[in-house]
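S.K.: got a sequence here, can you model it:
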Amino acid sequence: MNAIPTAVTLQAAAAQGPDFSFFIMLAALGAIWFLLVLRPQQKRQKEHEATLKAAGKGDEVITSGGLHGRISAVKENIFVLEVGKVKGAPVHVEVEQARVERVVKPEEQKAAGEKAGGDKAGEAKPGKGGAGS
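M.R.: So this is what the prediction gives:
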């Protein structure tokens, strides 16, 4: 007699409806994914677009193809880059703004050059003592 009420109770519990904890867990995972993946990516994209809009003549850029150059003119959505010189005449290349990966301001480039130059101060010079003298 004890087995019959237990079976009826189990059937009644299964018939109550769906368990919403699965949906709550799914929503929590979606929120975590949004906060950890999508939001930072959107923020970086907006910063990159703002940097491209602020880029102007004289700024150094690096394209997605690895081309380094200095902006010599800006058209609607195209940068005209000076990539070098041949027999004293500058070589210009047109690149879409969307293909520019990074913009390096001249001030940043000077600071990076000074930083790299400062590291060489500790190197031994030939003829000035050391193991080779």
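S.K.: okay, CA-based contacts and neighbour counts for the rest of this
M.R.: Fine.
S.K.: and the host helix or strand of Trp33, average pLDDT?
M.R.: Trp33 belongs to helix 21-33 when elements are defined using DSSP states H and E. Averaging pLDDT along helix 21-33 yields 92.
S.K.: quick one: name whatever helix or strand follows it.
M.R.: helix 39-54.
S.K.: and Lys57, backbone torsions?
M.R.: Torsion angles at Lys57 (phi, psi; degrees, to the nearest 10) stand at phi -60, psi 130.
S.K.: number of nearby residues for it?
M.R.: 13 (other CA atoms under 10 Å).
S.K.: can you check Glu94 too?
M.R.: The burial count for Glu94: 15, using other CA under 10 Å.
S.K.: would you confirm that it contacts Val80?
M.R.: Yes: applying CA atoms under 8 Å, one finds Glu94 in contact with Val80, separated by 4.5 Å.
S.K.: contacts only, for Val91.
M.R.: For Val91, the contacting residues are 82-85, by CA atoms under 8 Å, 6 or more residues apart in numbering.
S.K.: buried set for the helix or strand it falls within?
M.R.: Using DSSP H and E, Val91 falls within strand 89-96. Within strand 89-96, the residues scored as buried using 16 or more other CA atoms under 10 Å are 92-93, 95.
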